[in-house]
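**Q** got a predicted structure here, sequence first:
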Amino acid sequence: MRAPKDRGAVLLPLLTAVVLLGLWQIAVVLTHTKVFPPPWAVARALGELARKGVLLSYIGDSLFRVASGYLLALAMGIPLGLAMGWYAGVALAMNPVVQVLRPISPLAWIPVSIVLFGVSNLATIFLIFLAAICPIVVATMNGVRSVPRMYLQAGRNFGLRPAAVLARVVLPAALPQILVGLRIALGISWLVVVAAEMIAVDSGLGYLIIDSRNAGKRYDLVLAAIFLIGVIGLALDLLTRRIERMPRVRWGFRTD
Amino acid sequence: MNSPGETAPQAAEKLRLTDLTVTFESEGKQVPVLDGISLTVAPGEFVCILGPSGCGKSTLLNVVGGFLRPTAGKVEIDGREVTGPDPRRIFVFQERGVFPWLTAEENIGFGLDGLPREERRERVRRYVELVGLQGFERAFPHELSGGMKQRVEVARALAMNPDMLYLDEPFGALDSITRMTLRRELLRIWEAERQTILFVTHDIEESVQLADRVVVLSQRPARIRRVVEVAIPHPRDLSSRQYLDLRDSILAEIGLAHQV
């Protein structure tokens, strides 16, 4: 019964990929370009990176920076967002700061982070932290504020103290919205790490792009790095979507 | 604490409302919602609060439940003034009060943290059975029908062993067949456990089917228009003269001729 649909789900995207690769190949052949590599050259470049042993280490470096900055933002952003959503006073004090920081591109902070941390892992981690914390704080705050009054009333009715209401009612009730913020923040973090690595460090996928271009115009390596960034970004997004389907939060997402 | 002389007259009185008045402030204007409500309710009594939508009957229940302070007047339960919500008196909303992140049995056990694990499990099992949710213990609310969610919420309230239940139009969102079934089950449970019940509804039939007494409220600001005794034993015959007469007298009280 479901077989034709499953087959389509595999075959159709595959078909699109083959067509796009074909068009790319044709374009390279027709334009006689010397700089822009054909698809097979990019595949060969991936192999070359693997052989040199930098493929996994660069991916690992990029992921490590994202994970560090992101987890830091999560550890600070969720409590801050909870406090801002729960206590009007905290929101009054902190919201202007968050709202001013929010529209600033994290990339604008690159010079500042280099001054503060030098050309180092810390500089990129700091940038990712800045990129991730605003969406997390805002989503958490809004999530807390939109918890139905009835849940709070029930929590109090069952004799819960305020701290327990926060932990056992407010947090789980706001969790789906918080997860949306976490997903957005992770997406932004992955965008930012590439840009940050082009300037602030000498490893990682962003560095690979800029280094391949500067040191010998190796556009096959540039495109290989771009391809990897796309695939890993997709994997991260799929991972967060998987979390959204877990039973305790699925009610908040209209997927089924 | 109390001398015998003090407790004796209170035995027949669970709840006393004295001149309850609530005024909301809206855009600088004082809007009266409840106007001098006085009522006493006996222990184990089933009282329906009947009134048109928006008349303030939910506000009344919120004040009795301790979620809202009255502007004037007071609420006393067992002779003590109510100052806040209390786990001995549980509020049941329309099924929307069920926590969607917990399974049916986790919802039912929500208020039982203080109990030892075995006792807690036993209590949950008992109320799962009482409301007929066997087989759905591990289901999440979004996997349940409206009627089953309402059962979860009633069981969650009952599991606390409350001596009072406040029900705020609990069956209002359900289809009429489920509503009839749940009314019958609520009566069955009440007859077994004899909590004092305040049941808010805008449904005249529902109030006459369920209550010992129906408190008929006026349009906003709500005053008590009339208190109707329903001295028909359960199970009530909905086509009996007595039932129809009472129902019609309330219809007349509200000013509706029994015609469509």
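**A** Cool, got the structure. Numbers count the residues shown, from 1 in each chain, chains lettered A, B, ... in the order given.
**Q** gap between the two ends of stretch B:59-69?
**A** Stretch B:59-69 has an end-to-end distance of 10 Å (criterion: C-alpha to C-alpha, to the nearest Å).
**Q** buried sites along that stretch?
**A** Within stretch B:59-69, the residues that qualify as buried by neighbour count (16 or more other C-beta atoms under 10 Å in any protein chain shown) are B:59-68. Every C-beta, even on glycine, is put in place using the N, C-alpha and C of the backbone.
**Q** what about residue A:170, how many residues nearby?
**A** Neighbour count for residue A:170, taken as other C-beta atoms under 10 Å in any protein chain shown: 22.
**Q** swap that for residue B:26, sorry
**A** 8.
**Q** how near is it to chain A?
**A** Going from residue B:26 to chain A by C-beta to the nearest C-beta, to the nearest Å gives 18 Å.
**Q** which residues does that residue bridge with?
**A** residue B:29 (DSSP bridges).
**Q** hmm, back to that, which of the buried residues of stretch B:59-69 come close to chain A?
**A** B:65, B:67 (C-beta under 8 Å from any C-beta of the partner chain).
**Q** ok, the buried residues of stretch B:59-69 vs chain A, which is closest?
**A** Set against chain A, the nearest of the buried residues of stretch B:59-69 by C-beta to the nearest C-beta is residue B:67 (5.7 Å).
**Q** in what helix or strand does the closest one lie?
**A** Using DSSP states H and E, residue B:67 maps to neither a helix nor a strand.
**Q** my read: it touches residue B:85, true?
**A** Yes - between residue B:67 and residue B:85 a contact is recorded at 6.0 Å, counting by C-beta atoms under 8 Å.
**Q** overlap of the contact sets of the two?
**A** Common contact partners of residue B:67 and residue B:85 (C-beta atoms under 8 Å, 6 or more residues apart in numbering or on different chains): A:153, A:156-157, B:91.
**Q** and those as JSON lines, adding distance to residue A:106 and secondary structure?
**A** Formatted as JSON lines, the shared contacts of residue B:67 and residue B:85 follow (distance: C-beta to C-beta, whole Å; DSSP: H, G, I helix; E, B strand; the rest coil):
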{"residue": "A:153", "distance to residue A:106": "40", "secondary structure": "helix"}
{"residue": "A:156", "distance to residue A:106": "40", "secondary structure": "helix"}
{"residue": "A:157", "distance to residue A:106": "44", "secondary structure": "helix"}
{"residue": "B:91", "distance to residue A:106": "46", "secondary structure": "strand"}
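**Q** most widely separated two among those?
**A** Within these, A:156 and B:91 form the most distant pair, 9.5 Å apart (C-beta to C-beta).
**Q** overlap of the contact sets of those two?
**A** B:67, B:85.
**Q** and the helices in the chain?
**A** With no chain named, the answer covers chain A. Ranges of helices in chain A, per DSSP state H, are A:3-31, A:39-52, A:54-86, A:88-101, A:110-117, A:121-145, A:149-157, A:162-165, A:171-200, A:205-214, A:219-244, A:247-250.
**Q** I was thinking of chain B, sorry if that wasn't clear
**A** All helices of chain B, identified by DSSP H, fall at B:4-10, B:57-64, B:104-108, B:117-130, B:146-158, B:176-193, B:204-210, B:241-254.
**Q** got JSON lines for those helices, with mean pLDDT too?
**A** Shown next, in JSON lines, are these (pLDDT from 0 to 100):
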{"stretch": "helix B:4-10", "mean pLDDT": "45"}
{"stretch": "helix B:57-64", "mean pLDDT": "92"}
{"stretch": "helix B:104-108", "mean pLDDT": "95"}
{"stretch": "helix B:117-130", "mean pLDDT": "92"}
{"stretch": "helix B:146-158", "mean pLDDT": "91"}
{"stretch": "helix B:176-193", "mean pLDDT": "89"}
{"stretch": "helix B:204-210", "mean pLDDT": "93"}
{"stretch": "helix B:241-254", "mean pLDDT": "89"}
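**Q** can you put these in CSV and add distance to residue A:23?
**A** Below are the helices of chain B laid out as CSV (distance: least, C-beta to C-beta, whole Å):
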stretch, distance to residue A:23
helix B:4-10, 88
helix B:57-64, 64
helix B:104-108, 54
helix B:117-130, 61
helix B:146-158, 53
helix B:176-193, 59
helix B:204-210, 68
helix B:241-254, 75
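**Q** for residue A:124, find the nearest of those helices.
**A** With respect to residue A:124, and counting by C-beta to C-beta, the nearest of those is helix B:104-108 at 42.0 Å.
**Q** what residues does the stretch 1-150 of chain B have near chain A?
**A** B:65, B:67, B:84-87, B:90-91, B:93, B:96-97, B:99-102, B:110-111, B:140-142.
**Q** same thing but at 10 Å, please
**A** B:62, B:65-67, B:84-94, B:96-103, B:106-107, B:110-114, B:138-143 (C-beta under 10 Å from any C-beta of the partner chain).
**Q** buried ones from those, can you make that a ChimeraX selection?
**A** Selection of buried members from these for ChimeraX, criterion 16+ other C-beta under 10 Å:
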select /B:62,65,66,67,85,86,87,89,90,91,92,93,94,97,98,99,100,101,102,103,106,107,110,111,112,139,140,141,143
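**Q** which ones are touching residue 33?
**A** This is for chain A. A:27, A:219 (C-beta atoms under 10 Å, 6 or more residues apart in numbering or on different chains).
**Q** I was thinking of chain B, sorry if that wasn't clear
**A** So residue B:33 contacts B:21-24, B:54-60, B:63, B:68, B:71, B:220-222 (C-beta under 10 Å, 6+ apart).
**Q** make it 7 Å
**A** Applying C-beta atoms under 7 Å, 6 or more residues apart in numbering or on different chains to residue B:33 gives the contacts B:22-24, B:56, B:59, B:220-222.
**Q** residue A:131: which of those is nearest?
**A** For those, the nearest to residue A:131 is residue B:24 (44.4 Å; C-beta to C-beta).
**Q** could you report the neighbour count for the nearest residue to that closest one once chain neighbours are set aside?
**A** Using C-beta to C-beta, 6 or more residues apart in numbering or on different chains and skipping the chain neighbours, the partner closest in space to residue B:24 is residue B:31 (4.8 Å). Neighbour count for residue B:31, taken as other C-beta under 10 Å: 12.
**Q** check residue B:31 and give its pLDDT.
**A** Looking at residue B:31, its pLDDT reads 90.
**Q** against residue A:81, how distant is it?
**A** Per C-beta to C-beta, to the nearest Å, residue B:31 is found 35 Å from residue A:81.
**Q** again with residue B:197
**A** 40 Å.
**Q** quick one: which of those two has more around it?
**A** Taking neighbours as other C-beta under 10 Å, residue B:197 and residue A:81 compare with residue A:81 leading, 30 against 24.
**Q** residue contacts, the more buried one?
**A** Shown in contact with residue A:81 (C-beta under 7 Å, 6+ apart): A:136-137, A:139-141, A:144.
**Q** now the spatially closest residue to residue A:81 that is not a sequence neighbour: how far from chain B?
**A** Closest residue to residue A:81 apart from its sequence neighbours, by C-beta to C-beta, 6+ apart: residue A:140 at 2.5 Å. Separation of residue A:140 from chain B (C-beta to the nearest C-beta): 16 Å.
**Q** number of residues surrounding residue A:140?
**A** Neighbour number of residue A:140 under other C-beta under 10 Å is 27.
**Q** my guess is it contacts residue A:83. True?
**A** No - using C-beta atoms under 7 Å as the test, residue A:140 is too far from residue A:83 to be in contact (9.2 Å).
**Q** what does the stretch 51-200 of chain A have sitting close to chain B?
**A** For the stretch 51-200 of chain A, the contact set with chain B under C-beta under 7 Å from any C-beta of the partner chain comprises A:150-151, A:153-154, A:156-159, A:172, A:175.
**Q** again, only this time at 6 Å
**A** By C-beta under 6 Å from any C-beta of the partner chain, the part of the stretch 51-200 of chain A that sits against chain B consists of A:150, A:153-154, A:156-159, A:172.
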